[in-house]
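Asker: need coordinates for the below:
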Amino acid sequence: MRILALDPGMTKAHPMGWAAWDGRLALSGTACFQQRADDHLGVRLNRLRAWLETTCATLRPHTIAYEVPTVRGQGKGAITQLSAIGLVDMAACDCGADVVCCYPAALKKWATGHGRASKQDMVAEARARYGRKPKSDDEADALLLLAWARETAGATGKESLTVEEGE
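Answerer: Sure, this is the predicted structure:
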């Protein structure tokens, strides 16, 4: 089963963490879609769309997993994050992949046993599981989401699985 795991982020300060499983090997990194501080949201979304198209064409994932973004309040941040998730869902539809998603607290609890684990705890857990240090907490989250998807979604064979916050 080929899986693409995404920790969505759309800014230089918080790039998107990604991890991929091709059936033998886990690859991971970050992707930044904001090249300049004044990049319009549409420009960043176009870059994300192109990245998703290329990545899906190359990997041909059976499943795309993403961490549900924490959206506090209203405004540009919420619009950006939810627009990015919409593109991820569209990419999954276009390539025939199932979608699974997990709330941050549920991923932290699954990975570390504590739903309020720190970024450092998540990086340490990703390093312990994969034997290499992620370059950022975004990459660490994507690697752990990949492990979660392989264990949880892959084992159940469900087309769509969402772990609710607090489970």
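
Asker: what residue in this protein is the furthest from its centre?
Answerer: Asp38 (24.5 Å; Cα atoms, centre = their mean).

Asker: sec struct for it, please.
Answerer: coil (DSSP: H, G, I helix; E, B strand; the rest coil).

Asker: now it: how far from Arg44?
Answerer: Counting by Cβ to Cβ, to the nearest Å, the separation of Asp38 from Arg44 is 11 Å. Where C-beta positions appear, they are placed from N, C-alpha and C, glycine not excepted.

Asker: for Leu107, same thing?
Answerer: Computed with Cβ to Cβ, the distance linking Leu107 and Arg44 is 24 Å.

Asker: pLDDT weak spots in this protein?
Answerer: 73-74, 153-167 (pLDDT under 70).

Asker: show me the strands in it, by range?
Answerer: Along the chain, counting by DSSP state E, strands occupy 3-7, 16-21, 26-31, 63-67, 98-102, 160-163.

Asker: that older thread, for the residue farthest from the centre of the chain, grab phi and psi.
Answerer: phi -100, psi 10 (degrees, to the nearest 10).

Asker: picking that back up, the more surrounded of Leu107 and Arg44?
Answerer: Using other Cβ atoms under 10 Å, the more surrounded residue of Leu107 and Arg44 is Leu107, with 24 against 19.

Asker: ok, the more buried one - contacts?
Answerer: Counting by Cβ atoms under 8 Å, 6 or more residues apart in numbering, Leu107 makes contact with Glu67, Asp141, Leu144, Leu145, Trp148, Val163.

Asker: nearest to Asp121 among those residues?
Answerer: Asp121 lies nearest to Leu144 out of the contacts of Leu107, by Cβ to Cβ, at 10.4 Å.

Asker: dump the residue contacts of the closest one.
Answerer: Leu107, Trp110, Ala111, Met122, Glu125, Ala126, Arg129.

Asker: distance check, the residue nearest to Thr11 when sequence neighbours are not counted against Asp141.
Answerer: Sequence neighbours aside, Gln34 is the residue nearest to Thr11 in space, at 5.1 Å (criterion: Cβ to Cβ, 6 or more residues apart in numbering). Note on Gln34: its distance to Asp141, by Cβ to Cβ, is 19 Å.
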